[in-house]
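[1] With the sequence up front, the predicted model follows.
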Amino acid sequence: MTAASSARSDAVRALTIPQELLPGDGRFGSGPSRIRGQQMEALQAASRTVMGTSHRQAPVKDVVARVRAGIAELFSLPEGYEVVLGNGGSTAFWDMAVFGLIERRSQHLVLGEFSQKFASEAKAAPHLEEPEILRSEPGGLPVASANPDVDAYAWPHNETSTGVMVPVQRPAGASQDQLVLVDATSVAGAAAVDLSQTDAYYFAPQKAFASDGGLWLSVLSPAAIERAERLAIAKDRWIPAFLSLTSALENSRKDQTLNTPAVATLVLLAEQIEWMLDQGGLAWADARTRTTSGMLQDWAARRSEITPFVSEPSARSQVVTTLDVDEAIDATAITSVLRAHGVVDIEPYRKLGRNQLRIATFPAVGEDDVASLIAVLDHVLDTTSDA
């Protein structure tokens, strides 16, 4: 770092941001995301009727039923598709897919940290063949390619670490008995999607659904359910009880989970789904996140110091915006002074190691707060430009 850069970093960290510029809610994290006050009020209201009661009885099962029905309505489920949920997060579902959805060999698109993790699980599984991995550098977008030698295609709808969105569409030429497994953890509920193009559209609730961790949810096609049921009784495959997809399916049909779920997470999730439906459903959420992420992209185009990390506009996420900062400016100094003023979690993904901002615009993040964040960033950059 040059002397000038060091001086500017010191000036940024010492800056006092005027109160009137600050957003009403300064949480812009890519997960866990901000939780609306009304959700917390609902959780408080459930403190003596749902919290601390048996998950096998009506109060908790009613919340699970609200979640499943809400997801079905939000995503306009195709005929025969089912909403399944279970203990753990998306990491647990990767393992369940390795045991219960990939029959022999899978193809994976790897474009960042989280897509790599699922590919690594499939690669390490001793009962599966070496997966086919189609890789791009972070910020790039690989494309699925039909391969008759695989029985499952896997990719993220949104790569949280880099801010790249991948189209959800069955690979051209793929056969009907090849499953499409889409990790939608950071974009489910925030972007339009045709679930008929998938066989497992799975996610955790701590992003667009403004809830907490501890659960996974998946919308499964009839083909995925058939394969899971067939593999569950295969003589050459052992499946741990906790990672049994068929067990999760059986319990979900009863509006419960295998083990005690994170009940508070379910309450927050149910409230968020119903709020989103009241606003206009998935079409509303899609429009809102396109608008708010677009505000950030437009801001980047106006600032010579800021460059979108994802160079291809059509591949840029509408929920996680990654912006490179000129090397003459220390992005950590920016995030540090904003954090001191209550604007938090806009640091880059740690393993990416870039001088970068990463800003989430999930449905709970309104346009006014994004406009205020932009005003704050302008103030920091303009005030310290001559330091």
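    Done, it's in. The shown structure was predicted, so the numbers you read here are calculated from the model rather than taken from an experiment.
[2] As a check, name the ranges of all helices in the stretch 151-300 of the chain.
    222-232, 245-252, 263-279, 281-302 (DSSP state H, counting those that start in this stretch).
[3] Tabulate those helices in CSV, adding columns for mean neighbour count.
    For every residue, glycine as well, the C-beta is placed using N, CA and C. Shown next, in CSV, are those (neighbours: other CB atoms under 10 Å):
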stretch, mean neighbour count
helix 222-232, 18
helix 245-252, 21
helix 263-279, 21
helix 281-302, 17
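[4] what's the closest of those to residue 159?
    helix 281-302 (14.5 Å; CB to CB).
[5] which residues sit against that closest one?
    Applying CB atoms under 8 Å, 6 or more residues apart in numbering, the external contacts of helix 281-302 come out as 73-76, 189-193, 208, 276, 279, 306-308, 313, 316-319, 321, 323, 359, 361-363, 365-367, 370-371, 374, 377-378.
[6] make it 6 Å
    74, 190-192, 276, 306, 308, 318-319, 321, 323, 359, 361, 363, 367, 370, 374 (CB atoms under 6 Å, 6 or more residues apart in numbering).
[7] Export the helices of the stretch 151-300 of the chain to TSV and append columns for mean pLDDT and distance to residue 123.
    Listed next are these as TSV, based on pLDDT from 0 to 100; distance: least, CB to CB, whole Å:
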stretch	mean pLDDT	distance to residue 123
helix 222-232	98	19
helix 245-252	98	20
helix 263-279	98	30
helix 281-302	98	33
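[8] wait, which of those helices is closest to residue 36?
    helix 263-279 (7.1 Å).
[9] and the closest one, what does it pack onto?
    For helix 263-279, the packing partners by 3 or more CB pairs under 6 Å, 6 or more residues apart in numbering; DSSP states H and E come out as helix 37-45, helix 58-74.
[10] which strands and helices sit next to the worst-scoring helix or strand of the chain on mean pLDDT?
    Lowest by mean pLDDT, DSSP states H and E among the helices and strands of the chain is helix 3-13, with a mean of 82. When contacts are defined as 3+ CB pairs under 6 Å, 6+ apart, helix 3-13 packs onto helix 331-340.
[11] so after the helix it packs on, what's the next helix or strand?
    Note on helix 331-340: by DSSP states H and E, the next helix or strand toward the C-terminus is strand 356-360.
[12] now the helix or strand that that following strand is followed by: mean pLDDT?
    Going down the chain from strand 356-360, the next helix or strand is helix 367-383, by DSSP H and E. Averaged over helix 367-383, pLDDT sits at 97.
[13] Would you mark the buried spots in helix 367-383?
    369-370, 372-377, 380-381 (16 or more other CB atoms under 10 Å).
[14] of those residues, closest to residue 57?
    residue 369 (39.3 Å).
[15] quick one, what contacts that closest one?
    23, 25.
[16] do you know how far it is from residue 107?
    39 Å (CB to CB, to the nearest Å).
[17] ditto for residue 119
    Distance, residue 119 to residue 107, by CB to CB: 9 Å.
[18] Could you dump the helices and strands packed on helix 263-279 into CSV and include mean neighbour count, distance to residue 18 and mean pLDDT?
    As requested, those are exported to CSV (neighbours: other CB atoms under 10 Å; distance: least, CB to CB, whole Å; pLDDT from 0 to 100):
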stretch, mean neighbour count, distance to residue 18, mean pLDDT
helix 37-45, 14, 25, 97
helix 58-74, 19, 39, 98
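[19] Contacts for stretch 179-187, please.
    90, 97, 152-154, 156-158, 160, 168, 170, 198-201, 203-204, 207, 224, 319.
[20] for stretch 224-235, that is, sorry about that
    Under CB under 6 Å, 6+ apart, the answer for stretch 224-235 is 100, 179, 199-200, 237, 245-246.
[21] Thanks a lot, see you next time.
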